[in-house]
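Peer 1: only geometry, no sequence info:
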């Protein structure tokens, strides 16, 4: 009997009932696979930060425009080849062009981002950071990290230049070298001003300032500038050049560093930088002492960079004001302001035109101060411009009294440098900081000991206040040749003792130490002799005041020579000017006559055959009226 077959699905059901599948197949981890965690590679925090930074740099690098990348590559190649022409174009034109186009309101890419474009060249990256931080300071608002990092970058640059075994193989344009020194001092000045304002600092900033150490300290800044001077032996070079020594002799004197233009110009610009730093610190005598070897003329090397030229004269003139040498200050300001007026059309092409114009306006204000304290007719044109720009202050000074003092204060605060305090506040001393942060009164004012500008202003106004009675006293003395002292005291509404004090102040104010203009011997800026700046002199003898007035006659010879040369120049220009073209009708008539030579010859023959009297009568009767031509003559 055949076996009855079972359906296949029934057989599988029996197997499921009789066999333990877990024993036949095995587990293979099915029960725990979904719950097991994925094993990631173990990375420490430093590696994770590095990966994140690398990804961020790649993202930032991709956002740099292609033209900027190409510019940085060309800039780097020019620096590698020491191609001064290409470096100058990239520095003065390219950088400012792309700044205005792409980065007028934002920062340039950081040096670490553009490093792959320049093969991680450390020297170029230092120079790039110098431009980067200068852009941050000029266009944006630097934070405390920017202030600290810009100082570190400056230290790297100067360490590279000063601590190398020999002169570095680097050439930069003179304009860039000046800007490096100028920006270094500017960032130091801004940091000192920001550091002295203790009441607007966060706790983190106070901690960083307390632990900052020598960051932007006055000692470190002065050390850099003096080191550049000593490394380049610039003073020895100036003296040797002035004495007319040969190039071989100069080379032996200044050494291998001083022979390189890079070090020579950095040393020279460091002298101007020291002049500026000492003025900011309030040491005006030392500021002029540093300039002992530098000549203030149009042949000096600093005149090749216009911004350096203007800065030098500004700070020298301000030193003379603070030393009460007003004639020297006036002479200094007149020289540079005339130069700026002559070269104004060229200044507009410079990227520093705005800075030069602002400095010129400040010098006009300083000139107004000097001209009020020591009237001079050195240059009427400059005086007229100063009166136009500061007419209100001039009017207050003329009226005298307290208004004059406020006018001097306005002019001084507008035109003076932004003075700094050499020593920082005691951030490391909690007790002293608590006293500083505690408000002295209801008005939250800055501590008086840390406002350097107000301190110099008070010293200046104290000297001005003593001279305020001088114009009134001078106006009375010009009316008399001799006057009773008691009567003069009544005019002034003071007693005789106070009147004598005012006269002594006037006597002292009319004398000044001044450099002799046109002297053949080269003297330092501090040298000079005592001169009288007033045309009034007086003596007091037995209660009588005797006045003498000396008027300097006008130098007519120079006036006639100058105007004769001007008239001769105008005459020569007129003589060489081409005559204007005749009118179109006259030109047509002339061309018509020239095309009929037979008629012209016939007319000549007829006039020759006609008697003289008949010809004159015919001419008078038939000739048309004279016609004026373009240059004022008449044509028959």
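Peer 2: Nice, thanks for sending it over. The model shown is predicted, which means the values in this text are computed figures rather than measured ones.

Peer 1: what mean pLDDT does the helix or strand containing residue 561 get?
Peer 2: Per DSSP states H and E, residue 561 falls inside helix 556-575. Averaged across helix 556-575, pLDDT comes to 82.

Peer 1: flag every buried residue along it.
Peer 2: For helix 556-575, the neighbour count (16 or more other CB atoms under 10 Å) marks no residue as buried. Backbone N, C-alpha and C define where each C-beta goes, glycine included.

Peer 1: other residues contacting that helix?
Peer 2: Outside of helix 556-575, no residue comes within contact range by CB atoms under 8 Å, 6 or more residues apart in numbering.

Peer 1: heads up, I number from 17, so please use that
Peer 2: Taking 17 as the first residue, the last one we looked at is helix 572-591.

Peer 1: centre of the chain to it, how far?
Peer 2: Centroid separation for helix 572-591 versus its chain: 37 Å, with CA atoms, centre = their mean, to the nearest Å.

Peer 1: got it, and stretch 323-336?
Peer 2: In terms of CA atoms, centre = their mean, the centre of stretch 323-336 is found 10 Å from the chain centre.

Peer 1: where does pLDDT dip in this protein?
Peer 2: 17-61, 63-66, 68-70, 361-367, 449, 451-466, 533-539, 567-572, 574, 600-652 (pLDDT under 70).

Peer 1: and it, what are its domains?
Peer 2: 485-569, 574-651 (automatic domain parsing).

Peer 1: which helices and strands sit right next to the longest helix anywhere in the chain?
Peer 2: Ranked by residue count under DSSP state H, the longest helix found in the chain is helix 190-212. Under the contact criterion of 3 or more CB pairs under 8 Å, 6 or more residues apart in numbering; DSSP states H and E, helix 190-212 touches helix 100-105, helix 138-155, helix 160-178, helix 234-248, helix 277-296, helix 322-338.

Peer 1: between it and helix 138-155, how big is the angle?
Peer 2: For helix 190-212 against helix 138-155, the angle by axes from the mean of the first three to the mean of the last three CA atoms, to 10 degrees is 60 degrees.

Peer 1: which SSE is immediately downstream of helix 190-212?
Peer 2: The first helix or strand that comes after helix 190-212 along the chain, using DSSP H and E, is helix 219-227.

Peer 1: name the helices or strands packed onto that next one?
Peer 2: Helices and strands touching helix 219-227, by 3+ CB pairs under 8 Å, 6+ apart, are helix 160-178.

Peer 1: how near is the nearest residue to residue 149 once chain neighbours are set aside to residue 202?
Peer 2: Counting by CB to CB, 6 or more residues apart in numbering, residue 149 lies nearest to residue 166, which is 3.9 Å off, once chain neighbours are set aside. To residue 202, residue 166 is 11 Å away according to CB to CB, to the nearest Å.

Peer 1: shared neighbours, these two?
Peer 2: Counting by CB under 8 Å, 6+ apart, the residues touching both residue 166 and residue 202 are residue 153.

Peer 1: please verify my assumption that residue 123 contacts residue 148.
Peer 2: Yes - with contact defined as CB atoms under 8 Å, residue 123 counts as touching residue 148 (7.2 Å).

Peer 1: roughly how far out does the helix or strand hosting residue 481 sit from the chain middle?
Peer 2: Following DSSP H and E, one finds residue 481 within helix 468-483. Centroid displacement of helix 468-483 relative to its chain, using CA atoms, centre = their mean, is 26 Å.

Peer 1: contacts for the next helix-or-strand element following it, please.
Peer 2: Sequence-wise, the next helix or strand downstream of helix 468-483 (DSSP H and E) is helix 486-493. Residues from elsewhere that reach helix 486-493, judged by CB under 8 Å, 6+ apart: 416, 499, 504, 507-508, 518-519, 521-522, 525, 550, 552, 554, 561, 563.

Peer 1: now residue 497, nearest residue through space, not along the chain?
Peer 2: residue 563 is the one closest to residue 497 (CB to CB, 6+ apart), at 5.6 Å.

Peer 1: doesn't the one you found belong to a helix?
Peer 2: No - if the criterion is DSSP: H, G, I helix; E, B strand; the rest coil, then residue 563 is strand and not within a helix.

Peer 1: now it: how far from residue 493?
Peer 2: Relative to residue 493, residue 563 is positioned 5 Å away (CB to CB).

Peer 1: check residue 197 too.
Peer 2: Relative to residue 493, residue 197 is positioned 50 Å away (CB to CB).
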